[in-house]
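Asks: Quick check, what structure comes out for this input:
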Amino acid sequence: MLAEAKMSNLHAGGCQCGAIRFRVTSVMNNAHVCYCRMCQKATGSLFGAWIGVPINAVTWTRRVPSIFKSSEGVSRGFCSECGTTLSYKRDNRQSFWMAISVFDKFDEVKLKFAWGAESKSPLLSQLPSLTEHTCDEDYINADSVKKTNNQHPDYET
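Replies: Numbers count the residues shown, from 1 in each chain. Below you'll find the predicted structure:
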């Protein structure tokens, strides 16, 4: 098992709609991305980004995730209200992976490795050449969208 990392601001989080919230007392020093096809499907993205959390270090403060058995011995936690991917757990382990982006403050995470390289999408090589825009540029009436946004804010409530 890898050593546990300093917590800093990585301590609370939840799903997109706020139906599920959690607090953790420690995370492991094993943050990574996974390009495997199962993670691509589970997250709806080109890769999953995960960090290990000891099971006894997490407290679900508002509801618990629904579980999907994605393969033998593997459970994936998600919010049944908004669909947010939250976790990945292998049976008989004392830790599980939590999606890095569901933490309220995750910018200090240092990725350690990449997994599932056999399924890495060639689309990722295009990222450095993309023109970047802000989300506000995409909306005709950004203020109206902000007022009707159902996303839970990134702070503990």
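Asks: Can you give me the buried ones in stretch 109-123?
Replies: By 16 or more other C-beta atoms under 10 Å, the buried positions in stretch 109-123 come out as 109, 115-116, 120. C-beta coordinates here come from the backbone N, C-alpha and C atoms, glycine included.
Asks: I misspoke; the intended subject was stretch 68-84.
Replies: 75-79, 84.
Asks: Closest one to C36 out of those, please.
Replies: R76 (12.5 Å; C-beta to C-beta).
Asks: thinking again about what came up before, and of the buried residues of stretch 68-84, the nearest to R90?
Replies: Once C-beta to C-beta is applied, the member of those that ends up nearest R90 is S75, at 8.2 Å.
Asks: Okay, and the beta partners of that closest one?
Replies: S75 forms beta bridges with K69, K89, as assigned by DSSP bridges.
Asks: I figured it hits R93, correct?
Replies: No: judged on C-beta atoms under 8 Å, S75 makes no contact with R93 at a distance of 10.5 Å.
Asks: Give me the helix or strand of this structure that scores worst on average pLDDT.
Replies: In the chain, no helix or strand scores lower on mean pLDDT, DSSP states H and E than strand 4-5, which sits at a mean of 49.
Asks: ok, and what's touching the next helix or strand along the chain from it?
Replies: Once the chain leaves strand 4-5, the next helix or strand it forms, by DSSP states H and E, is strand 12-14. By C-beta atoms under 8 Å, 6 or more residues apart in numbering, the residues outside strand 12-14 that reach it are 20-24, 61-62, 98, 102-104, 106, 152, 154-156.
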